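[1] Any chance you could fold what I've pasted below:
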Amino acid sequence: MCRWKSSARTPCSICTPAMAMSPFVMRLAEYDLFSDTFWPVCNPRLLSTGRLKRPVDLANHVLIHSYWSPADREPPTWQRWFAVAQRRWREVPQFKDMQHLSFREELHAIEAVIAGQGVGIFSDVLVANELAAGTLVKAFKLSLSGYSFHVVSRPSHPRAKTIRTFSEWLQSNA
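    Below is the predicted model:
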């Protein structure tokens with residue numbers, strides 16, 4: 001994946017010339033595993049009681065945050081979600097006017113949302129079991145693109161067959 005273009009499947013215009021000129025470029029085998037999407041999720045009681053029907057209703061709830069590294073150029077945060085939501089819907093509260101609760105650990109943030117302490121934005125892969133079990137539900141039909149996950153290795157690696165088998169196993173269990 002290109003460092004300057006996080007969603008690139010092929011090198012960007014910065015990387016391509018450098019790779020073409022480099023005698024050290026190594027061809028790599030890449031196995032796509034999965035991609036995730038980030039959704040606003042909440043305890044199902046918030047939806048069933050009618051307290052959270054439209055984005056404007058978020059003004060009455062706490063936004064649950066988890067930490068993202070400053071090195072991540074476009075993290076799937078509430079700020080990003082609100083920017084997209086404000087282009088899609090008219091009645092979206094201002095992010096700065098909201099109540100916020102932040103956690104350093106994402107799993108702690110998920111537990112807070114399950115406990116009904118607010119609404120969080122999480123990877124559908126990370127909370128797949130909670131969504132399937134009904135302990136969390138998607139609050140709105142608006143998501144943010146997430147990340148793609150791959151296994152990358154040298155094709156000439158002495159254990160290439162094992163790496164390929166492991167990658168196929170990961171794909172089948174993703």
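[2] can we go C-alpha only for contacts and neighbour counts from here?
    OK.
[3] Just the buried positions in the longest strand along the chain, please.
    Ranked by residue count and defined by DSSP state E, the top strand of the chain is strand 29-42. For strand 29-42, the neighbour count (16 or more other CA atoms under 10 Å) marks A29, Y31, L33, D36, T37, F38, W39, P40, V41, C42 as buried.
[4] continuing past it, what's the next helix or strand?
    Under the assignment DSSP states H and E, the closest C-terminal helix or strand after strand 29-42 is helix 44-48.
[5] any idea how far the spatially most central residue of the chain lies from A83?
    With the centre of the chain defined as its mean C-alpha position, the nearest residue by CA atoms, centre = their mean is G146, 3.6 Å away. Distance, G146 to A83, by CA to CA, to the nearest Å: 16 Å.
[6] now do P70
    Using CA to CA, one gets 19 Å for the distance from P70 to A83.
[7] angle of the longest helix seen in the chain against strand 29-42?
    For the chain, the longest helix by residue count, based on DSSP state H, is helix 160-173. If you take axes from the mean of the first three to the mean of the last three CA atoms, to 10 degrees, helix 160-173 sits at 20 degrees to strand 29-42.
[8] what are the ranges of the strands in the chain?
    All strands of the chain, identified by DSSP E, fall at 29-42, 62-66, 99-103, 119-123, 137-138, 144-153.
[9] Distance to P75 and mean pLDDT added to those strands, as a markdown table?
    Listed next are these as a markdown table, based on distance: least, CA to CA, whole Å; pLDDT from 0 to 100:
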| stretch | distance to P75 | mean pLDDT |
| --- | --- | --- |
| strand 29-42 | 10 | 89 |
| strand 62-66 | 11 | 97 |
| strand 99-103 | 15 | 96 |
| strand 119-123 | 11 | 97 |
| strand 137-138 | 19 | 97 |
| strand 144-153 | 8 | 88 |
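[10] Between P70 and A83, which is the more surrounded one?
    A side-by-side neighbour count of P70 and A83, using other CA atoms under 10 Å, places A83 first with 13 against 8.
[11] what's the more buried one in contact with, if anything?
    Neighbouring residues of A83 by CA atoms under 8 Å, 6 or more residues apart in numbering: there are none.
[12] And the pLDDT at it?
    pLDDT, A83: 95.
[13] Can you tell me how far it is from R90?
    12 Å.
[14] The longest strand of the chain packs against which elements?
    helix 106-114, strand 119-123, strand 137-138, strand 144-153, helix 160-173 (3 or more CA pairs under 8 Å, 6 or more residues apart in numbering; DSSP states H and E).
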